[in-house]
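Asks: Here is the input, now give the coordinates:
(one chain, ligands or ions: 1)
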Amino acid sequence: MSGTGPVSDAGIDAMRTVMDRPEQTMLALDFDGTLAPIIDDPEHAHADPTAVAALSRLGSMLGSIVVITGRPARTAVRLGGFRAAQGLESMTVLGQYGVERWDAAGDRFDLPPTPEGITHLQEELPGLLAGLGLDGVRIEDKGRAIGVHTRELEDPATAFDQLAEPLAELADRYDLKLEPGKNVWEIRAPGIDKGDALRAIVAETGVSCIIFAGDDLGDLPAFRAVEQFRTEGMPGLLVCSASHEEDALTELADLVVDGPSGVAEWLDRLADSLAAR
Ligand SMILES: O=P(O)(O)OC[C@H]1O[C@H](O[C@H]2O[C@H](CO)[C@@H](O)[C@H](O)[C@H]2O)[C@H](O)[C@@H](O)[C@@H]1O
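Replies: Okay, here's the model as predicted:
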């Protein structure tokens with residue numbers, strides 16, 4: 001592939017396999033910070049149009065395209081504009097870290113019920129935030145999970161730290177899990193992560209090569225899953241959508257690109273290279 005390519009041996013090997021056997025390759029991507037730029041209001045964080053156009057082209061060339069996100073499946077489908085995108089008629093979105101699912105084929109959603117603890121937490125959270133003097137915190141109701149956002153505050157980092165202990169106690173009380181993200185605390189039911197979600201969909205589709213692109217701590221389990229696939233002999237390429245906010249994935253990646261616009265350009269080049277084969 002022309003342009004900036006992977007730098008590691010494992011990445012170069014995987015890229016060779018992608019070019020040789022695209023129909024056997026799964027392209028799996030995170031949503032926020034990878035396909036969509038990070039902005040203040042999560043409700044309006046749409047996917048980069050260049051990325052979606054590239055995915056549309058790749059849809060007919062690759063074996064499988066999957067988005068694995070912390071967002072509800074419905075939200076990711078809406079913000080991604082995936083339903084209307086030509087070429088993505090067989091893509092899958094795994095929402096809420098793999099608990100929810102949307103298959104473009106048949107426009108089918110699989111959305112399990114909300115865990116009970118989340119309902120209690122939704123009732124208690126506004127009082128807890130008011131007690132801490134953090135009324136400006138945005139609560140993102142994701143149905144099965146809650147995002148507690150500090151990005152729009154004057155001092156997001158201090159508020160983020162201030163929230164760690166009280167949110168951990170609250171999550172603990174209802175047997176829920178608290179996880180950090182980019183200026184967001186995520187509270188959700190334990191039991192599944194993006195690594196589990198990726199392993200399951202790889203087994204289901206039977207692909208023999210995988211590309212995964214992500215940007216944040218929630219993507220680490222998927223990175224680990226790809227590393228595991230590689231030890232089992234399946235080529236895998238790890239792409240990091242880099243930002244100044246999080247560097248946990250940079251060292252692990254075979255290819256580091258400059259945020260969602262870098263991901264979009266890389267996807268576009270991948271589509272060009274596959275088309276030129
Ligand atoms: O798994 P992802 O697709 O990466 O989702 C992770 C979280 O992303 C969203 O929050 C992040 O993006 C927001 C919009 O740009 C931004 O305002 C926020 O500060 C970021 O942390 C989303 O709102 C969360 O629900 C996701 O869990």
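
Asks: burial count for whichever residue of the stretch 51-200 of the chain sits closest to the ligand?
Replies: Nearest residue of the stretch 51-200 of the chain to the ligand, counting by Cβ to the nearest ligand atom: G70, 2.8 Å away. Backbone N, C-alpha and C define where each C-beta goes, glycine included. Using other Cβ atoms under 10 Å, G70 is surrounded by 26 other residues.

Asks: Just give the nearest non-adjacent residue to it, would you?
Replies: Sequence neighbours aside, G218 is the residue nearest to G70 in space, at 5.4 Å (criterion: Cβ to Cβ, 6 or more residues apart in numbering).

Asks: you'd agree the one you found is up against K177?
Replies: No: checked against Cβ atoms under 8 Å, the pair G218 and K177 is beyond contact range at 11.4 Å.

Asks: Show me which of the two is the more surrounded one.
Replies: A direct count of neighbours by other Cβ under 10 Å for G218 and K177 places G218 higher, at 23 against 16.

Asks: Could I get the full set of helices for the chain?
Replies: 9-20, 49-59, 73-80, 116-131, 156-173, 194-205, 220-231, 259-275 (DSSP state H).

Asks: Put together CSV for these, with mean neighbour count, mean pLDDT and distance to V99 on each row.
Replies: Formatted as CSV, these follow (neighbours: other Cβ atoms under 10 Å; pLDDT from 0 to 100; distance: least, Cβ to Cβ, whole Å):
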stretch, mean neighbour count, mean pLDDT, distance to V99
helix 9-20, 17, 96, 28
helix 49-59, 20, 98, 23
helix 73-80, 21, 98, 9
helix 116-131, 14, 94, 12
helix 156-173, 16, 97, 17
helix 194-205, 18, 98, 8
helix 220-231, 19, 98, 14
helix 259-275, 20, 98, 24
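
Asks: Which residues of this protein lie near the ligand?
Replies: Within reach of the ligand by Cβ under 6 Å from any ligand atom, the chain has these residues: 30-33, 38-40, 42, 45, 69-71, 140, 142, 147, 149, 151, 181-184, 186, 216, 218.

Asks: Out of those residues, which end up buried?
Replies: Among the residues of the chain next to the ligand, those buried by neighbour count (16 or more other Cβ atoms under 10 Å) are 30-33, 38, 42, 45, 69-71, 140, 142, 147, 149, 151, 181-184, 186, 216, 218.

Asks: Now do T4, the pLDDT please.
Replies: Note on T4: pLDDT of 65.

Asks: Likewise for the one 3 residues further on?
Replies: At V7, the pLDDT value in this model is 82.

Asks: wait, isn't it in contact with L255?
Replies: Yes: V7 lies in contact with L255 (Cβ under 8 Å); the separation is 6.9 Å.

Asks: who has more neighbours, the two?
Replies: Using other Cβ under 10 Å as the criterion, V7 and L255 rank with L255 on top: 22 against 11.

Asks: Identify the residues contacting the more buried one.
Replies: T4, G5, P6, V7, G11, L237, L238, V239, C240, W266 (Cβ atoms under 8 Å, 6 or more residues apart in numbering).

Asks: Need those residues in CSV (columns: distance to P112).
Replies: Shown next, in CSV, are the contacts of L255 (distance: Cβ to Cβ, whole Å):
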residue, distance to P112
T4, 40
G5, 40
P6, 37
V7, 40
G11, 35
L237, 31
L238, 29
V239, 30
C240, 31
W266, 34
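
Asks: Nearest to the ligand, out of these: which one, please.
Replies: Minimum distance to the ligand across these is 12.7 Å, recorded for C240 (Cβ to the nearest ligand atom).

Asks: For the closest one, which non-adjacent residue is spatially closest?
Replies: The spatially closest residue to C240, leaving aside those adjacent along the chain, is A253, at 3.5 Å (Cβ to Cβ, 6+ apart).

Asks: Got the confidence number for that neighbour?
Replies: Looking at A253, its pLDDT is 97.

Asks: what sits against the residue nearest the centre of the chain?
Replies: Residue closest to the average C-alpha location in the chain (Cα atoms, centre = their mean): D30, at 2.3 Å. Taking Cβ under 8 Å, 6+ apart, we find D30 in contact with V67, I68, T69, K194, A213, G214, D215, D216, G218, D219, A222, S241.
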